[in-house]
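Peer 1: Following is a predicted model, sequence given first.
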4 protein chains.
Amino acid sequence: MEQERIDRRRAQILAAASRVFARQGFHRTTVREVAREAGIADGTIYLYFASKQELLLALLGQLGRVAERPADFAELAGEDARASLDSYLRRRFEDLRDWRQLFAAVFPEVLADPGLRAAQTAQTAPAFEAVEAELARRMQVGELPPLDPALLARAAAATVLGLLVLDVLGDPVVNTRWGELPAFLARLWFEGLRSEGR
Amino acid sequence: MEQERIDRRRAQILAAASRVFARQGFHRTTVREVAREAGIADGTIYLYFASKQELLLALLGQLGRVAERPADFAELAGEDARASLDSYLRRRFEDLRDWRQLFAAVFPEVLADPGLRAAQTAQTAPAFEAVEAELARRMQVGELPPLDPALLARAAAATVLGLLVLDVLGDPVVNTRWGELPAFLARLWFEGLRSEGR
Amino acid sequence: MEQERIDRRRAQILAAASRVFARQGFHRTTVREVAREAGIADGTIYLYFASKQELLLALLGQLGRVAERPADFAELAGEDARASLDSYLRRRFEDLRDWRQLFAAVFPEVLADPGLRAAQTAQTAPAFEAVEAELARRMQVGELPPLDPALLARAAAATVLGLLVLDVLGDPVVNTRWGELPAFLARLWFEGLRSEGR
Amino acid sequence: MEQERIDRRRAQILAAASRVFARQGFHRTTVREVAREAGIADGTIYLYFASKQELLLALLGQLGRVAERPADFAELAGEDARASLDSYLRRRFEDLRDWRQLFAAVFPEVLADPGLRAAQTAQTAPAFEAVEAELARRMQVGELPPLDPALLARAAAATVLGLLVLDVLGDPVVNTRWGELPAFLARLWFEGLRSEGR
DNA sequence: TATGAATGAGGGTTCATTCAT
DNA sequence: GATGAATGAACCCTCATTCAT
């Protein structure tokens, strides 16, 4: 089908853009470099995207689909809190690794551009709301202690986001021990730092 | 004194740059805009900084001085773990609010530029080591449960960093309730999410 | 062919540069003026030359090919000295006229730039050596009086170079009577200024 | 006297300008560099010269006074042609060495700038006329063979000018054997290149 | 549809010149 | 008079975008 060819081309270009943006940053990358990476001519990109900025927005859209994923959280409703957190984090961190490049490509520019900042925040709002609702429910049924759901959601999101950022920055510990993080976080969040004896 | 005048001018220019970069991002900002914001002529900037890039590096240096601050952590050696964390976080979060603009100005570019990423990671390494050592000490004396100090340090740093990022992104909860975060985090990290009844 | 198109464009740009540089000098000429003269856009020049300086170097290369021409001198080996000088000068002066613009475009900058001065002198050295060898040979066979070949070569080159300079300066006599110069020089150099009667 | 102080300052600045222009060329030299070389502040130059261009014009004026010197030629009226040429050239070449720096500083720009080219040619015209008149006189009295005085004057001037240019270009022979040139030229011009036996 | 040469607006930087001290 | 910090016009060059082939 015609649409299919277009989609394939767009995907090819976006993949190339993601690689080069992640490597050099959006502004240090020329459209020509994206084209070279995709193995096509400069002008061809403009047959599939209206501008360089549109490339970024398309990548942001892809990234957005990951950010929306927390809604899956609700699916875990049945399990007990600790187990559900554990398995949720494990899956989440595996996903994130895959999206690392996309994140490195897009996120710095999101942070730098006021328009994108607003868009990103707006896009993330529903996910936060869903998480907050789920947290509140579990608190009500006594599965979780009565904390502020909004703050708890932010703290959790911030930790994951921060680890992703440290990963992109090249922190050697985070780079090499990414796989240990879900279990570590689950334990930390649930047990806390109280020393056992007390 | 002569040096003093130079320092004042450099500070004036850096403050202006920090404002505009935070607002629009480094690359979307022209040197002319920085000059306008500082109330001086384009060329004057080049009497105090060799290039636009040097402006960024100088701001990065200012930011670095904050990142090194975790070393203060060691000063709290005497207090008990929960109290020391509490007061440390409180002071840290107040500081961070002040450095928010600087962070918003510089960090996106750090994230986007491979060279700056490496520099930033290298610059932060000693602070991580100090924190890890302090954590290990407290674990040994039984003030903290025996967790991996490296991961714990990363998790804590990631949470703070992530909250700063959410703040910059304009998350309404983080924006308006920044002051509640230190106490919330101290409680979360110490008590954990175990519901009381179990 | 592809290379052909490139060569044509380069030639077109160099011809334009030669005209404008000769008219206004290298530094008083903007890249935009060269582009306008060539009938292309500013940026197009940079598809064919890396910098404004490269434009100058390319022109210098063209000029160099003329300076090397004295090697032709050796080809006249068979003829008698006076006749060979005469025909050599005649051809040389005709050539020079054609290269006048190129010379006016490039030479002032060669004279002004230490790096180019050295390059030019180095480039000319082999030609001088060839001429000296030929002169020495003719002296040995008695076709020329025993003068210092190095000085003779310099004196001759200096005269021609000086006339070219006077021509560029706009000396009315040299401008209008360029064609008489070869014969005049041949006569002067051969007969000398001794008045006949002595 | 007041005027004297001014003159001294102007001379000091011009000497500095002459050195730096000769070394780096007019356009590659900043006004600041001239000031540094003169040991004064940037702005001070503008108390004595209206613009950077005026510096050049003042130096051109100094150079002009040398170019006018050929009028001395007339003073030699009494001597016989060969002897007078010989001593004239000897004194001229010594002078020229002294003016070498000035020449290197100013001449490239004269060659490059249409306005200065015209000025220089106009300024030199009277000297040429004087020389031509003297040559014509000597031809009439039989001291010189009947050549075209205008061409002869140009040829002689071109040779000297060309040698000066070769000197500035850094030709090693001209650089090291400048002192031999007057005698060589006198011999060449008078005896010519006819081999003796013929 | 794909190409890549051409375009030209825009930005970082330099530097001649001014002027408050 | 002397200073040198400040100015801002001008220039070289880059690169997103267009369009003829």
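Peer 2: Thanks, I have the structure now. Numbering: from 1, shown residues only, chains lettered A, B, ... in the order given.
Peer 1: Grab the nearest non-local neighbour of A:Thr159.
Peer 2: B:Thr159 (4.3 Å; CB to CB, 6 or more residues apart in numbering or on different chains). For the C-beta atoms, the positions are set from N, CA and C on the backbone; glycine is no exception.
Peer 1: Average pLDDT for the helix or strand the one you found falls within, rounded please.
Peer 2: Assigned by DSSP states H and E, B:Thr159 belongs to helix B:149-169. The pLDDT scores in helix B:149-169 average 95.
Peer 1: which ones are touching the residue nearest to A:Thr159?
Peer 2: A:Ala155, A:Ala158, A:Thr159, A:Gly162, B:Leu185 (CB atoms under 8 Å, 6 or more residues apart in numbering or on different chains).
Peer 1: Out of those residues, the closest to DNA strand F would be?
Peer 2: Using CB to the nearest atom of the strand, A:Gly162 comes nearest to DNA strand F of the contacts of B:Thr159, at 30.1 Å.
Peer 1: who's in contact with the nearest residue to A:Ala41 once chain neighbours are set aside?
Peer 2: Nearest residue to A:Ala41 in three dimensions, chain neighbours excluded: A:Ala35, at 6.0 Å (CB to CB, 6+ apart). Going by CB under 8 Å, 6+ apart, A:Ala35 touches A:Ala16, A:Ala41, A:Asp42, A:Thr44, A:Ile45.
Peer 1: Quick check on those residues: which are buried?
Peer 2: Neighbour-count burial (16 or more other CB atoms under 10 Å in any protein chain shown) applied to the contacts of A:Ala35 gives A:Ala16, A:Ile45.
Peer 1: Narrow the contacts of A:Ala35 to those in helices?
Peer 2: Secondary structure from DSSP state H places A:Ala16, A:Asp42, A:Thr44, A:Ile45 of these in helices.
Peer 1: wait, which of those residues is closest to D:His27?
Peer 2: Nearest to D:His27, judged by CB to CB, of the ones in helices among the contacts of A:Ala35 is A:Asp42 at 36.4 Å.
Peer 1: What strand or helix carries the residue nearest to that closest one when sequence neighbours are not counted?
Peer 2: Among residues not flanking A:Asp42 along the chain, A:Ala35 sits closest, at 4.7 Å (CB to CB, 6+ apart). For A:Ala35, the element it lies in under DSSP H and E is helix A:31-38.
Peer 1: got the buried residues for that helix?
Peer 2: Neighbour count says helix A:31-38 has A:Val31, A:Glu33, A:Val34, A:Ala35, A:Glu37, A:Ala38 buried, by 16+ other CB under 10 Å.
Peer 1: and it with DNA strand F, contact?
Peer 2: Yes. Residues of helix A:31-38 contacting DNA strand F under CB under 7 Å from any atom of the strand: A:Val31, A:Arg32.
Peer 1: quick one on the thing from earlier: reformat the contacts of A:Ala35 as a markdown table; add pLDDT.
Peer 2: Compiled in a markdown table, the contacts of A:Ala35 are given as follows (pLDDT from 0 to 100):
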| residue | pLDDT |
| --- | --- |
| A:Ala16 | 97 |
| A:Ala41 | 97 |
| A:Asp42 | 96 |
| A:Thr44 | 97 |
| A:Ile45 | 98 |
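Peer 1: top helix in chain A by residue count?
Peer 2: helix A:81-112.
Peer 1: Does that one reach DNA strand E?
Peer 2: No. Helix A:81-112 does not reach DNA strand E (CB under 7 Å from any atom of the strand); its nearest approach is 13.7 Å.
Peer 1: And whatever helix or strand comes next after that helix, how far out from the chain middle?
Peer 2: Using DSSP H and E, the helix or strand that follows helix A:81-112 in sequence is helix A:114-140. Computed by CA atoms, centre = their mean, to the nearest Å, the chain-centroid distance of helix A:114-140 equals 13 Å.
Peer 1: Repeat that for stretch A:136-149.
Peer 2: The answer for stretch A:136-149 is 25 Å, by CA atoms, centre = their mean.
Peer 1: State the distance from A:Pro54 to chain B.
Peer 2: Just so we're on the same page, residue A:54 is Glu rather than Pro. Computed with CB to the nearest CB, to the nearest Å, the distance linking A:Glu54 and chain B is 17 Å.
Peer 1: again, but for A:Ala119
Peer 2: 10 Å.
Peer 1: Grab the nearest non-local neighbour of that residue.
Peer 2: A:Leu60 (7.3 Å).
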